[in-house]
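J.: Following is a predicted model, sequence given first.
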Amino acid sequence: MTEPAVSADGGAPGGKANSAPLLGRAAEPTLFELSHPGRRAWSFRTSGIPEVPIDQLVPEGHRREEPVPLAEVSERDLVAHFTRLSHRQFSVDLGAYPLGSCTMKYNPKVCDTVAGLPGLAGVHPGAPASLTQGWLALLVELEETLCEITGMAAATLQPAAGAAGELTGLLLMRAWHEARGSVRHKVIIPDSAHGTNPASVTLGGYEVITVPSDDRGCVDMEALATVLDEDVAGIMLTNPNTLGLFEEDIAAIATAVHEVGGLLYYDGANLNAILGVVRPGDMGFDIVHMNLHKTFATPHGGGGPGAGPVAVSERLVPFLPGPRAVRVESADQSPVYEWMTPPQSIGRMHTWHGNALVLARALAYIVANGGDGLRQIAETAVLNANWIRQRLTGTYDVPFDRPCMHEVVLSVRTIKQAHGVRALDVAKRLLEEGFHAPTVYFPLIVDEALMIEPTETESPQTLEALAQSLERIAHEANSHEEGWMAEFPHETPVRRVDEARAARTLVPTFDARG
């Protein structure tokens, strides 16, 4: 039987007629605090299934001595608890999420619908190729489409996300050099690179060589020339780069790296900026990873899932992870799909065949937009970012004040010097305006950085509201006493935490109740 959702006096558990004060954002109870012995959410009176003694199901050595101490709550309290928690979350479906470098854009629900089709979601990855022809056809079409978008010859769909794609690319780089009898030890990255780049270089067994940015925010060509030699395995770049600026010397960079026998690796984090406009392969890149969970539909963040396919030029195809889905011709010349492992494969990079439903979402997104739609995505993302740059120039510092691509990097340096307000303060204050905060303090080469990527999915009205909020915050910083903004946010479910103390004084959150 269901336990009554209210107490005997008609109020919420605890005796209050209005549950808001008790269950408000500032004093959210846990399920264990709501728990009362004997309460149940819902149960069948009888299942009709004979009970089997526990000792016949689980050997004694594997059984708990006591039952798991779960919370005992009514259905009403259970539903209300998780609904309240869901209302605390900010998401791309709720509002603008201008995280620079992460492409947190709205994701069409049609892609989720496609990924949920029984013919896709209900297939076991271990089923033989003869029973999974539809899935293999989907994977082949996606690979061919991604190669067309990037200008590459073939791809592996196995890597689970961007960092996995980076490691895959570096292992492909190593395998190619070793097959040619060349042992190299260095990989070059710019000082504005994503933090995963040097980590992946180290995991790949290489030494990180950092080159600085010039006064345009691009790779310093003179500095690059000083580190290029025959011990360089390659260079890792994203274009546009992490400052949101297009590497205008990319053709010269490609020529210089190739002349010493190195390869060019493209970090696909910023691919959203160039879809349908220019291809990494045409810039001279040899290896390209893509974040399907950023650029092509699947929501990014929240722990996954992701997908980081890696596409390569013709000379690297033999080294791709296997098996790969390939198209062959049957006796009647109709297409048949099989699994094939390249002859010099570096081996598997993921259990089974990658995060398959993320791959299905990506193909649905690409097909729904078409080639002209993908180009419009890039053009609109670039337009939105430049609108933000122009609008906020003068309100905030613009370190590299020239047309940007899909994201713009602002700085709070001048405001900090005058009033002590930091980028973190601006970000925390923006939460109270109803927006997710942008990326802060990155790239590292910009002091007090605010990195904003509006993406193509935000309307002019949303961009106007975001700009007005940032202008209002700057005005507040200039008109209040120092330290005033350090108290924000006031109205969010969780107030500002002491990040330094939280990092240094960890408090375990797991106890016997789970």
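T.: Noted; the coordinates are in hand. Numbers count the residues shown, from 1 in each chain.
J.: rest of the way, CA atoms for contacts and neighbours
T.: Will do.
J.: what's the span of stretch 219-235 from first residue to last?
T.: 11 Å (Cα to Cα, to the nearest Å).
J.: I misspoke; the intended subject was stretch 87-96.
T.: 16 Å.
J.: what ranges do the helices span in the stretch 101-250 of the chain?
T.: In the stretch 101-250 of the chain, the helices defined using DSSP state H, counting those that start in this stretch lie at 109-115, 118-121, 133-150, 162-179, 196-203, 221-227, 250-259.
J.: try the stretch 401-514 of the chain
T.: Going by DSSP H, counting those that start in this stretch, the stretch 401-514 of the chain shows helices at 413-419, 423-431, 460-479, 499-504.
J.: middle-most residue in the chain, spatially?
T.: His300 (3.8 Å; Cα atoms, centre = their mean).
J.: any idea how far Leu171 lies from Arg413?
T.: 40 Å.
J.: Leu120 too?
T.: 51 Å.
J.: Within its local environment, how many residues does Thr46 see?
T.: 7 (other Cα atoms under 10 Å).
J.: next one: the one 10 residues further on
T.: If you count neighbours by other Cα under 10 Å, Gln56 ends up with 8.
J.: How about the secondary structure of it?
T.: helix (DSSP: H, G, I helix; E, B strand; the rest coil).
J.: can I see the domain layout of the protein?
T.: Domain ranges of the chain: 29-87, 141-367, per automatic domain parsing.
J.: Which residue lies closest in space to Thr238, excluding its sequence neighbours?
T.: Asp267 (4.7 Å; Cα to Cα, 6 or more residues apart in numbering).
J.: And for Phe435, the neighbour number?
T.: Other residues close to Phe435 by other Cα under 10 Å number 22.
J.: how many other residues sit next to the residue nearest to it when sequence neighbours are not counted?
T.: Counting by Cα to Cα, 6+ apart, Ala96 is the residue found nearest to Phe435 once chain neighbours are left out, at 5.7 Å. Using other Cα under 10 Å, Ala96 has 27 other residues around it.
J.: Determine the three-state secondary structure at Ala96.
T.: Classified using three-state DSSP, Ala96 is coil.
J.: quick one, what contacts Thr393?
T.: If a contact means Cα atoms under 8 Å, 6 or more residues apart in numbering, then Thr393 has no contacts.
J.: Just want the phi and psi numbers for Val336.
T.: Val336 adopts backbone torsions of phi -130, psi 150, taken as degrees, to the nearest 10.
J.: Please tell me the pLDDT value assigned to Ala20.
T.: At Ala20, the pLDDT value in this model is 31.
J.: same thing with Gly483?
T.: Reported pLDDT for Gly483: 88.
J.: Can you name the residues that contact it?
T.: Gly420, Val421 are the contacts of Gly483 under Cα under 8 Å, 6+ apart.
J.: got the phi/psi numbers for the residue nearest to Phe435?
T.: Per degrees, to the nearest 10, the backbone of Ala96 is at phi -60, psi 140.
J.: Might one say that it is in contact with Glu464?
T.: No - look at Ala96 against Glu464 with Cα atoms under 8 Å: they stay out of range, at 11.5 Å.
J.: Please report the number of neighbouring residues for the nearest residue to Glu432 once chain neighbours are set aside.
T.: The spatially closest residue to Glu432, leaving aside those adjacent along the chain, is Pro489, at 6.0 Å (Cα to Cα, 6+ apart). Applying other Cα under 10 Å, we find 20 residues neighbouring Pro489.
J.: mind listing what Pro489 touches?
T.: Per Cα under 8 Å, 6+ apart, neighbours of Pro489: Lys428, Arg429, Leu431, Glu432, Arg495, Arg496.
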